[in-house]
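1. what follows is a predicted protein model with its sequence.
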Amino acid sequence: MFFKKKPQPDTDIDPDIIVVHKPDPLACGGTYATQRKNAPTEIASQDMTMFMADSSFTVMVVDINEGEQRIDRLSAYAAPANGGTFLYLYKGVRYEKRPASVALIKADIMPELVRVVNEQKMATGNGYHSNTAGLPENFGGSVDIRYASGEQISYSNNQCPIFSYETGQKIIEVFERAMQSERVALPDVTDLVKIEFDEQRKNGGFTKAELTINADGTGVNKKQSRYEDPKVFESEKPVEAESIEAIKQSITGCGILAWNGLPESGYTPLSSKKLTFFFKDGSEVTVPDGLMLPFGISGGFFNIELEMTTKH
């Protein structure tokens, strides 16, 4: 679920990356694989700042006990945020369509994940990235684990499971246990009264939108935009209750109210964006775009932005 085709690294710019395999220039598709030469296979730091792991087990032969669930895919993410630990877990079970679980818990589970990573030797394949063109997303996976020391475990392969089934079970055990622990209190979306979207572009342009939610569940969306010329475009449109409900479901489903403090993606954006949520009791939560998130919820910010800046 995290895996996307990555751009091929320029080895002339980064001499630490060597090309392990590349297709013939005239070939259609093929496999492009690289290895980072100095990627550590053992991590000294005990201070993990982000855990993100995703793997398919669909093509793996697995012995399971009678009555035990056969896991086909695992996607897990954990990082300190907003006074706790933000968790995301997707556990794909054969023939079942399951939603992901999202939570902000008070406990710190990063030490437990350090133990799992070390015991399961998850750094063994560090630095290796392989992408075969044309394969379905559900064949492989990726790992991205970061530490306060600057150390990192990063590898991916879209051809096959990225780590063992046993490792996946250990990860699931930690996350499912943590999901049952005490959670950090977050505002209730039923008390949401307004959302503001703000985008500031590098060329001086901007887009601002203010969605006010009425007592009957409908809303009004006011928007201002300026592009390369001085003219400011303004609009005001009603928003039906169905759209308001879809926005609230997106807020809950992706856990966006708990995103503050999560790691930044590291990409240089063309503009800076933020969403601010206002509640009946006068409280507000501001969330920036451009955070490092698991693929399953990474579109949460954009979905709300789309409703406020394009659809209305």
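-> Happy to help now that I have it.
2. was I right about H21 contacting Y32?
-> Yes - in terms of Cβ atoms under 8 Å, H21 counts as a neighbour of Y32; the distance is 6.9 Å. Where you see a C-beta, it was placed from the backbone N, CA and C, and this is true even at glycine.
3. quick check: neighbours shared by these two?
-> Contact criterion Cβ atoms under 8 Å, 6 or more residues apart in numbering; residues bridging H21 and Y32 by contacting each: S130.
4. so between those two, which is more surrounded?
-> More crowded of H21 and Y32, by other Cβ atoms under 10 Å: Y32, with 20 against 12.
5. any idea how far V143 is from that one?
-> According to Cβ to Cβ, to the nearest Å, Y32 stands 18 Å off from V143.
6. same check, this time on H129
-> If you measure H129 against V143 using Cβ to Cβ, the figure is 10 Å.
7. for these two, work out which one has more neighbours and name it.
-> For H129 and V143, the more surrounded residue by other Cβ under 10 Å is V143, and the numbers stand at 24 against 21.
8. need the contact list for that one.
-> Remark: with contacts taken as Cβ under 8 Å, 6+ apart, V143 is in contact with M52, A53, D54, M122, G125, I153, S154, Y155, S156, I162, F163.
9. before we move on, what SS does the closest residue to it other than its chain neighbours have?
-> With sequence-adjacent residues excluded and distances taken as Cβ to Cβ, 6 or more residues apart in numbering, V143 is closest to A53, at 5.0 Å. Three-state secondary structure (criterion: DSSP: H, G, I helix; E, B strand; the rest coil) places A53 in strand.
10. partners of A53 in the sheet?
-> With beta bridges defined as DSSP bridges, A53 has these partners: A76, V143.
11. just give me the neighbour total for it.
-> Number of residues near A53 (other Cβ under 10 Å) recorded here: 26.
12. kindly report the same for D54.
-> 26.
13. what about the helices in the protein?
-> For the chain, applying DSSP state H gives helices covering 110-119, 165-179, 241-254, 300-306.
14. now mean neighbour count too, for these, in a markdown table please.
-> Supplementary listing: these in a markdown table, determined by neighbours: other Cβ atoms under 10 Å:
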| stretch | mean neighbour count |
| --- | --- |
| helix 110-119 | 17 |
| helix 165-179 | 18 |
| helix 241-254 | 17 |
| helix 300-306 | 19 |
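15. closest one to K231 among those?
-> helix 300-306 (22.1 Å; Cβ to Cβ).
16. give me the mean pLDDT for the closest one.
-> The average pLDDT for helix 300-306 rounds to 96.
17. show me the beta-bridge partners of A103.
-> A103 forms beta bridges with L87, as assigned by DSSP bridges.
18. which ones are touching it?
-> With contact taken as Cβ under 8 Å, 6+ apart, A103 is in contact with F86, L87, A178, M179, R183, G255.
19. now for those residues: which two are most distant?
-> If you compare every pair in these using Cβ to Cβ, the most distant one turns out to be A178 and G255, at 14.1 Å.
20. leaving out the residues flanking it, which one is nearest to E305?
-> Nearest residue to E305, sequence neighbours excluded (Cβ to Cβ, 6+ apart): F197, at 5.9 Å.
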